[in-house]
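Peer 1: 3D, please:
(chains A and B)
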Amino acid sequence: MEISGPDLIRAFEMLGAAISMGLGAIGPALGEGYAAGKALEAIGRRPEEAGLLTRTMLVGQAVTESTGIYSLVIALLLLFVV
Amino acid sequence: MMTDLEWIKAAAMMGAGISVGLAAIGAAIGEGYTAGKANEALSYRPHLIGDILKTMLVGQAVAETAGIFGLVISMLLLFSPMEGKPLLTAWAYIGAGFSMGLSSIGCGVGAGIPAATACQGIGRQPSVSGHLSALMLIGSGVAQSTAIYGFLIALLLLFKSLPPEVTLIPACSLVGAGICMGFGGIGPGIGEGIAAGEAVSSVARNPVTMSLMTRTMLVGQAVTESTGIYSLVIALLLVLTI
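Peer 2: Numbering: from 1, shown residues only, chains lettered A, B, ... in the order given. As a prediction, this is how the structure comes out:
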């Protein structure tokens, strides 16, 4: 198998995109699940505040999601742009 | 000097081991956690042995599915016909093992958490055991979804027709698709399991909130699922651009 420089770079872009998105997905999902769990616990204690708690949960999850989106952006950049 | 067929066979053995070995980690942790919490609940309410044992076994069966997916992929790898396949198949087999094995870790653990809290909840509120089992099954079913994505990518890698010549770029794409979907499946599985577990324990405290809890749980789990879907998209892009 003959390996040229540009081939090697392209191949490692593929691997890099995979590692970026794969590992980048672990943290946000764990954090969002924890936020959802605690919101559900709070709604169980005070069901009348369900609207407020759901809204706060979604805001918190949106912030938690940001690193997942960074990973997605870097993976797409590696696949299609660089 | 090794022939192409020998390389492909060696990779299939490696992929089979990775698939079932990693998948076994998550399923076993989830089931053990469920059994532990069931025993804890039984120590307070020994007369509820029937209900708690039934819920524990159903919950463990759901957690086991991730392990069974790993076993299926491993069997397919061991016994699929390999004569005349291009050498790139070897890389696809290793990718399939990573995709199925790693994504099952999260889903096994995630499905075990709501099963454990359902056993505790039945100890607390035996009268709503039907509600608790239903919510547990919905929650663990959603937590299994990334294992199903991993299974999908593994099947795609196993049965895709590949070009005959070997170059480094498609080889890295095939292994990369497996790694991407595999690691991407760990987080959503565990996160959705935590959300479902808290929902089940809240319903056990306050059974009238069942429909509100189901709705909020599904919203929270949908957001948690998003990174799993990003991983699926990147893995599909990697496989399908070859």
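Peer 1: Can you point out the buried residues in the helix or strand containing residue B:213?
Peer 2: Taking DSSP states H and E as the criterion, residue B:213 maps to helix B:210-240. Neighbour counts over helix B:210-240 (16 or more other CB atoms under 10 Å in any protein chain shown) mark B:210, B:212-214, B:216-221, B:223-239 as buried. In this view, the C-beta of every residue, glycine as well, is placed from N, C-alpha and C.
Peer 1: Repeat that for stretch B:165-180.
Peer 2: Burial within stretch B:165-180, assessed by neighbour count using 16+ other CB under 10 Å, is assigned to B:166-180.
Peer 1: on that earlier part again, just the buried residues of helix B:210-240 that are near chain A?
Peer 2: Applying CB under 8 Å from any CB of the partner chain to those, one finds that B:212-213, B:216-217, B:219-221, B:223-228, B:230-231, B:233-235, B:237-238 fall near chain A.
Peer 1: Helices of chain B, start to end?
Peer 2: For chain B, the helices defined by DSSP state H occupy B:4-44, B:49-79, B:88-124, B:129-143, B:145-159, B:168-205, B:210-240.
Peer 1: what helix or strand does whichever residue of chain A sits closest to chain B sit in?
Peer 2: Closest residue of chain A to chain B, CB to the nearest CB: residue A:33 (2.2 Å). Element membership of residue A:33, judged by DSSP H and E, is helix A:26-45.
Peer 1: now for that helix, which elements pack on it?
Peer 2: Helix A:26-45 sits against helix A:50-80, helix B:168-205, helix B:210-240, with contacts defined as 3 or more CB pairs under 8 Å, 6 or more residues apart in numbering or on different chains; DSSP states H and E.
Peer 1: can you put these in CSV and add distance to residue B:44?
Peer 2: Formatted as CSV, these follow (distance: least, CB to CB, whole Å):
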stretch, distance to residue B:44
helix A:50-80, 29
helix B:168-205, 13
helix B:210-240, 23
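Peer 1: what about residue 66, how many neighbours?
Peer 2: The chain I'm using is chain A. Other residues within reach of residue A:66 by the criterion other CB atoms under 10 Å in any protein chain shown amount to 10.
Peer 1: actually it's chain B I care about, not the one you picked
Peer 2: 35.
Peer 1: Surely it and residue B:104 touch.
Peer 2: Yes - using CB atoms under 8 Å, residue B:66 makes contact with residue B:104 at a distance of 3.8 Å.
Peer 1: Now list whatever residues contact both of the two.
Peer 2: Here residue B:66 and residue B:104 have B:23, B:26, B:27, B:147 as joint contacts, going by CB atoms under 8 Å, 6 or more residues apart in numbering or on different chains.
Peer 1: now the third one: how far from chain A?
Peer 2: For residue B:27, the distance to chain A under the criterion CB to the nearest CB, to the nearest Å works out to 18 Å.
Peer 1: same thing with the first one?
Peer 2: As for residue B:23, its distance to chain A is 16 Å (criterion: CB to the nearest CB).
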